[in-house]
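Novice: pasting the sequence and the predicted model now:
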Amino acid sequence: MMELPLWNEKRYAPYKLAALVDVLSDQGIAPDASLSGTGLSLESLTQPQTLTSIRQYITVCNNALDLSKDPETPFRVGSRIPLSAYGMYGFALVCSPTIREYFQVAVKYHQLATPLLIMSWHEEKDSASWILEMNPAFTYTNSLMRFVTEQHLTQLATHLKTVIEPERCHPLRARLPYGPPRHVHLYRRYLNCELRFGEPICELSYPRSILAERPRMAHRLTAKLMQDTCDRILGAVKTSTGISGEVYQVIASTPGHSPTMELVAQRMATTVRTLHRRLQAEGASFTQILDDVRCNLAKEYLRSTKLNMDEIADRLGFSEAANFRHAFRRWTGSTPAHYRG
């Protein structure tokens, strides 16, 4: 598969990578060996200006698989990465007014956190579940797939225990898309829930009632400020990297900001099928990018202009202000008037 810019793009703080190097160091593995092939040094991991790529992190994961005989490595890494390491994204999570919004924020801004996997969530009658999928832009061996899955599941479980009382957030079950490994006992220790191996998806489920819980540091105003900052960071990423960035720019420069995928593909001298495939490889979709463009423009109009709702709706390509209000609530969970206020 053709390498995509997001694979090599150096734009992530090295906190995950540093945690993995530390765990390997505890096992007697020298940092130089852990970092082999990355072009990074142990000293560079402590410098605030250092940015790393997904490729570099995957390289260290593969080094860990070659150098370490301890199956607990990914679990230890996942349990050692605090939410504060995520910067604004982490603060937006811990300040979420409810766990439902915590889930929403986690998925919306996942691209800011060295996204090795594609993450989503869904709500059913009795459960709320994280869903993890392999990113089609990357190549995973079976051992690497299991390694990053074990790390990510442990991160999810550990982080939730830091925002609400641990005894109130036990997972119900974990579904894994591979057979049971020899170290099943580690899944029981770190996840403490029913385990189902050989499933078609990777899923970590909690009781649905958890969505109404209030995080210990919940603060609606701070959460909004952090999310606005994350929106600006994410917007900058989307407009500057990969095929997603190109699509974002085309939509933003189109009058009405509501072109069809066919028109965007034509302007980019490609086909709809090819454009869809390349977006999917970056974990993105045309509809998602279209919503992002219109949502970010709407926020900017509401923040910095005195345009009324009809005028904003018209500039964004909506036939009626009511349609704009409905879309804005879907994007943000708030009304345009409340956001402007």
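Specialist: Here it is on my side, so go on.
Novice: please, where are all the strands along the stretch 1-150 of the chain?
Specialist: Here the stretch 1-150 of the chain has its strands, by DSSP state E, counting those that start in this stretch, at 117-123, 127-134.
Novice: can you say which of the ones you listed is packed in most?
Specialist: The highest mean neighbour count among those belongs to strand 127-134 (a mean of 19), with neighbours defined as mean count of other Cβ atoms under 10 Å. Where C-beta positions appear, they are placed from N, C-alpha and C, glycine not excepted.
Novice: so that one versus strand 117-123, what angle?
Specialist: 160 degrees (axes from the mean of the first three to the mean of the last three Cα atoms, to 10 degrees).
Novice: contacting residues around residue 295?
Specialist: The neighbours of residue 295, taking Cβ atoms under 8 Å, 6 or more residues apart in numbering as the test, are 328, 331-332.
Novice: need those in JSON lines (columns: distance to residue 175, neighbour count and secondary structure).
Specialist: As requested, these are arranged in JSON lines below (distance: Cβ to Cβ, whole Å; neighbours: other Cβ atoms under 10 Å; DSSP: H, G, I helix; E, B strand; the rest coil):
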{"residue": "328", "distance to residue 175": "35", "neighbour count": "26", "secondary structure": "helix"}
{"residue": "331", "distance to residue 175": "30", "neighbour count": "15", "secondary structure": "helix"}
{"residue": "332", "distance to residue 175": "31", "neighbour count": "17", "secondary structure": "helix"}
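Novice: least confident of those?
Specialist: Ranked by pLDDT, the contacts of residue 295 bottom out at residue 332, which scores 82.
Novice: so that residue makes contact with residue 338?
Specialist: No - with contacts counted by Cβ atoms under 8 Å, residue 332 stays clear of residue 338, the gap being 9.2 Å.
Novice: still on that earlier bit, quick one: which of the contacts of residue 295 is nearest residue 146?
Specialist: residue 331 (35.7 Å; Cβ to Cβ).
Novice: ok, back up a step: so which of the strands of the stretch 1-150 of the chain is nearest residue 253?
Specialist: Each of the strands of the stretch 1-150 of the chain was scored for nearness to residue 253 using Cβ to Cβ, and the closest is strand 117-123 (27.9 Å).
Novice: pretty sure residue 12 is touching residue 110, no?
Specialist: No - between residue 12 and residue 110 no contact is recorded; they are 12.0 Å apart, counting by Cβ under 8 Å.
Novice: find the centremost residue of the chain, please.
Specialist: Within the chain, one residue has its C-alpha closest to the average C-alpha position: by Cα atoms, centre = their mean, that is residue 110, at 1.4 Å.
Novice: just list the residues touching that residue, thanks.
Specialist: Residue 110 touches residue 119, counting by Cβ under 8 Å, 6+ apart.
Novice: and it, how far is that from residue 291?
Specialist: Counting by Cβ to Cβ, to the nearest Å, the separation of residue 110 from residue 291 is 16 Å.
Novice: please apply the same query to residue 106.
Specialist: Taking Cβ to Cβ as the criterion, residue 106 is separated from residue 291 by 18 Å.
Novice: quick one, which of those two is more surrounded?
Specialist: When neighbours are counted by other Cβ atoms under 10 Å, residue 106 comes out ahead of the other of residue 106 and residue 291, with 23 against 15.
Novice: which stretches in the stretch 101-250 of the chain count as helices?
Specialist: Along the stretch 101-250 of the chain, the stretches classed as helices by DSSP state H, counting those that start in this stretch are 142-163, 184-191, 220-240, 242-252.
Novice: would you reformat the ones you listed as TSV and include mean neighbour count?
Specialist: Converted to TSV, the helices of the stretch 101-250 of the chain look like this (neighbours: other Cβ atoms under 10 Å):
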stretch	mean neighbour count
helix 142-163	20
helix 184-191	16
helix 220-240	17
helix 242-252	21
